[in-house]
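>>> coords please:
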Amino acid sequence: MAVVTSELEVPSSVSAPKLFKAYHDFHNLAPKVEPETFKAIEFIKGDGGVGTIEQTTFVDGTKSKLTLDAIDNNNFSLTTTIFEGGEWMDNVESATIHVKFVPSATNEGSTYKVSSVYKCKDPAKFTQENAKFVDEYTKKTFKAIEAYLIANPNAY
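Residues are numbered from 1 along each chain as shown. Purely as a prediction, here's the structure:
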């Protein structure tokens, strides 16, 4: 089984603790800030802690499932593994996503860092270019959450 990896870094004016809290509430926030993409996200097992299984329903009707593998409140990071999904998952066994919000030196902002590892069923059908496309989609969602937090400074 081949592995494709990608790294994404996006600077933000929003603090790491605030972004981390918002991302931990992704199941509520994402459909609110990006309704053209996310129809609903629900826990099908667990309560949002490690081991929780979430199901995302996209506006086009496709669904994906992921597990919450790790949460590190002190380092503002979390890890999830997508194990079931739409068409793109036909070529991927799983996608493990590690998200970390790194505080800036002045704590006035942060950097959103995402490391992704895709375990591919067929390396010819999921390439580095596919991973870059997913990174752009991830960045778009991050920017929507960031904009919400800037517009709603008392949220989270």
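>>> can you pull out the strands in the chain?
Counting by DSSP state E, the chain has strands at residues 2-12, 38-45, 53-58, 63-72, 77-84, 92-103, 110-120.
>>> which residues are contacting the lengthiest helix in the chain?
Across the chain, the longest stretch assigned as helix under DSSP state H is helix 128-151. If you take CB atoms under 8 Å, 6 or more residues apart in numbering as the criterion, helix 128-151 is touched by 4-6, 8, 10, 12-14, 18-19, 22-23, 29-30, 32-34, 37, 88, 91, 95, 112, 114, 116, 118, 155-156. Every residue, glycine included, has its C-beta placed from N, CA and C.
>>> do the same with stretch 104-119
Identification of contacts with stretch 104-119 by CB under 8 Å, 6+ apart yields 1-16, 19, 76, 92-103, 126, 130-131, 134-135, 138, 142.
>>> ok, now stretch 44-61?
Under CB under 8 Å, 6+ apart, the answer for stretch 44-61 is 24, 27, 30, 35-43, 63-71, 86.
>>> what about it, average pLDDT?
Stretch 44-61 shows a mean pLDDT of 96.
>>> run through this structure and note the low-pLDDT ranges.
107 (pLDDT under 70).
>>> what residue of it is the furthest out?
residue 106 (25.3 Å; CA atoms, centre = their mean).
>>> what about that residue, distance to residue 16?
Residue 106 sits 12 Å away from residue 16, going by CB to CB, to the nearest Å.
>>> now do residue 67
For residue 67 relative to residue 16 (CB to CB), the value is 24 Å.
>>> and those two? which has more neighbours close in?
Neighbour totals were compared for residue 67 and residue 16, and residue 16 leads with 21 against 18 (other CB atoms under 10 Å).
>>> isn't the more buried one right up against residue 77?
No - counting by CB atoms under 8 Å, residue 16 does not reach residue 77; the two are 9.6 Å apart.
>>> on that earlier part again, tabulate the strands of the chain (CSV), appending distance to residue 147.
Shown next, in CSV, are the strands of the chain (distance: least, CB to CB, whole Å):
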stretch, distance to residue 147
strand 2-12, 10
strand 38-45, 15
strand 53-58, 20
strand 63-72, 24
strand 77-84, 21
strand 92-103, 16
strand 110-120, 13
